[in-house]
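**Student:** Predicted coordinates and the sequence they were generated for:
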Amino acid sequence: MEKRRDIDKDKNISKRLAEELQRMKENSHVLLSGSEYVSIRILRDTPSLREYKLMVAFSRYSKPRLYGKVLVIKLTLPEEFPKMKPRIEISSGGEDVDLNLGNYLENLPPLRNWNPDRHLFEVALSILEFFNNFAVPACVICLNKITAQDYENTVRCRNPRCLSLYHKNCFESWISRGYKRACVFCDTPI
Ligand SMILES: [Zn+2]
Ligand SMILES: [Zn+2]
């Protein structure tokens, strides 16, 4: 008898899950949340209702290494969801921006709820939190963080492989000490 009830319960959850996934699918391309450094978009135009994608984009205020880069995180819900965690695949167009995100996501606490929408939000918020710590740039000279408010008073190295950021004041005082007007790291003229 117990067993029978379990099966019914499972069926019920599957039905609710299917409905929930269909509803998610209908609300595609939702910008979930953002910060001045990172924004995350939920892409729901995947071929299967059990798949969803998060697109993580780094703004011009972010760390030079991450600036302009995009990461796509694909989550696939297994049949046994939520008893089993979603499978996570990260692609970054060959760019090394994952910064151990895979490990971090693997170690997130287990699901408290079967609702995939809520799970998606939890994952996305965790990712935002993760990158907020990494994406904040610092001035190469004074090593202080550069906020969005500072940004208009910065200079950026034009070498696309470097893109180092400097406070204008820090850079000017560096020059006034007799150094040449070039990036400290890569020697590109600024
Ligand atoms: Zn500075
Ligand atoms: Zn440079």
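**Tutor:** That came in fine, so what should we check first? Numbers count the residues shown, from 1 in each chain. Ligands and ions are numbered 1, 2, ... in the order given.
**Student:** Now do the phi/psi pair for the most centrally placed residue in the chain.
**Tutor:** With distances taken as C-alpha atoms, centre = their mean, residue 56 lies nearest the centre of the chain, 3.9 Å away. When read as degrees, to the nearest 10, the backbone of residue 56 gives phi -110, psi 120.
**Student:** For it, list each beta-bridge partner.
**Tutor:** Beta-bridge pairing for residue 56 (DSSP bridges): residue 40, residue 71.
**Student:** Go ahead and confirm it touches residue 73.
**Tutor:** Yes. Taking contacts as C-beta atoms under 8 Å, residue 56 lies within contact range of residue 73: 6.7 Å. Any C-beta I mention is one placed from the backbone N, CA and C, and that applies to glycine too.
**Student:** Where do the strands of this structure begin and end?
**Tutor:** With DSSP state E, the ranges of strands along the chain come out as 30-34, 38-43, 51-58, 70-76, 87-91, 154-156, 165-167.
**Student:** among those, which is the most enclosed?
**Tutor:** Highest mean neighbour count among those (mean count of other C-beta atoms under 10 Å): strand 165-167, with a mean of 22.
**Student:** Look up how far residue 74 lies from the spatially closest residue to residue 43 that is not a sequence neighbour.
**Tutor:** Spatial nearest neighbour of residue 43, chain neighbours left out: residue 53 (4.2 Å); criterion: C-beta to C-beta, 6 or more residues apart in numbering. To residue 74, residue 53 is 5 Å away according to C-beta to C-beta, to the nearest Å.
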